[in-house]
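Trainee: pasting the sequence and the predicted coordinates here, then a few questions.
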Amino acid sequence: DVVVIELAAGTKIQASRLWTLALNRNQNLLGKCVVIANRPCGSVPELQAEEWSALLAHLRQLTAALDTTFAPDAYNHAFLMNVDPQVHLHVIPRYASIRVWEGMRFDDPHWGALFGTEQRLLSTQHLSRLSDTVRRALPSPA
């Protein structure tokens, strides 16, 4: 059975009727996020037209916020449902150079290749501040 993903404390950025935007607990790449379907759904092809449309709108908002806040050089987008079978899209900012946020240095050692599997788990306080930072940068929906 598909179970809607439970968010770690401090990671929720925004929720709408159809999707929830959240930080990935692993911030090995600064600003790494997920967009999670709010209804139980275990297969991407099962998404309905309204969900696809809303997903696109959320992706535009989220990438605009990340562009403003961290200026990624590129993005990877991936439906990786190996651990959590609930439909969710990873939004992975990629960086050609180091970024600094709250005095912490973030690099992208795999720039130009597939993103790595390193773990960088931030404290709940840092996750809350980071999600607040991204939320404040979200443009209004069109």
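Mentor: Okay, I see it. Residues are numbered from 1 along each chain as shown.
Trainee: can you count the residues close to the closest residue to Ala96 other than its chain neighbours?
Mentor: Spatial nearest neighbour of Ala96, excluding adjacent residues (CB to CB, 6 or more residues apart in numbering): Asp73 at 4.4 Å. Backbone N, C-alpha and C define where each C-beta goes, glycine included. For Asp73, the neighbour count with other CB atoms under 10 Å is 13.
Trainee: quickly note the distance from Asp73 to Arg105.
Mentor: 16 Å (CB to CB, to the nearest Å).
Trainee: avg pLDDT for stretch 28-40?
Mentor: When pLDDT is averaged along stretch 28-40, the result is 97.
Trainee: in it, which residues are buried?
Mentor: In terms of neighbour count (16 or more other CB atoms under 10 Å), stretch 28-40 has its buried residues at Asn28, Leu29, Leu30, Gly31, Lys32, Cys33, Val34, Val35, Ile36, Ala37, Asn38.
Trainee: again, but for stretch 69-86
Mentor: Buried, per 16+ other CB under 10 Å, within stretch 69-86: Thr69, Phe70, Pro72, Tyr75, Met81, Asp84, Gln86.
Trainee: so where does the fourth one fall, helix or strand?
Mentor: This points to Tyr75. Using DSSP states H and E, the secondary-structure element containing Tyr75 is strand 74-78.
Trainee: ok, that strand: who's next to it in the sheet?
Mentor: Applying DSSP bridges to the sheet, strand 74-78 is found paired with strand 88-94 (antiparallel).
Trainee: what's the first helix or strand after the strand it pairs with?
Mentor: Of the helices and strands lying after strand 88-94 in sequence (DSSP H and E), the nearest is strand 99-101.
Trainee: quick one: strands adjacent to the helix or strand that that next one is followed by?
Mentor: Tracing the chain C-terminally past strand 99-101 and defining elements by DSSP H and E, one meets strand 104-106 next. Using DSSP bridges, strand 104-106 pairs in its sheet with strand 99-101 (antiparallel).
Trainee: residues making contact with the strand it pairs with?
Mentor: Applying CB atoms under 8 Å, 6 or more residues apart in numbering, the set of residues contacting strand 99-101 from outside is Leu30, Phe70, Ala71, Arg105, Phe106, Asp107, Leu130, Thr133.
Trainee: farthest pair in those residues?
Mentor: Distance extremes for the contacts of strand 99-101: the farthest pair is Asp107 and Thr133 at 19.1 Å, using CB to CB.
Trainee: appreciated, that's everything.
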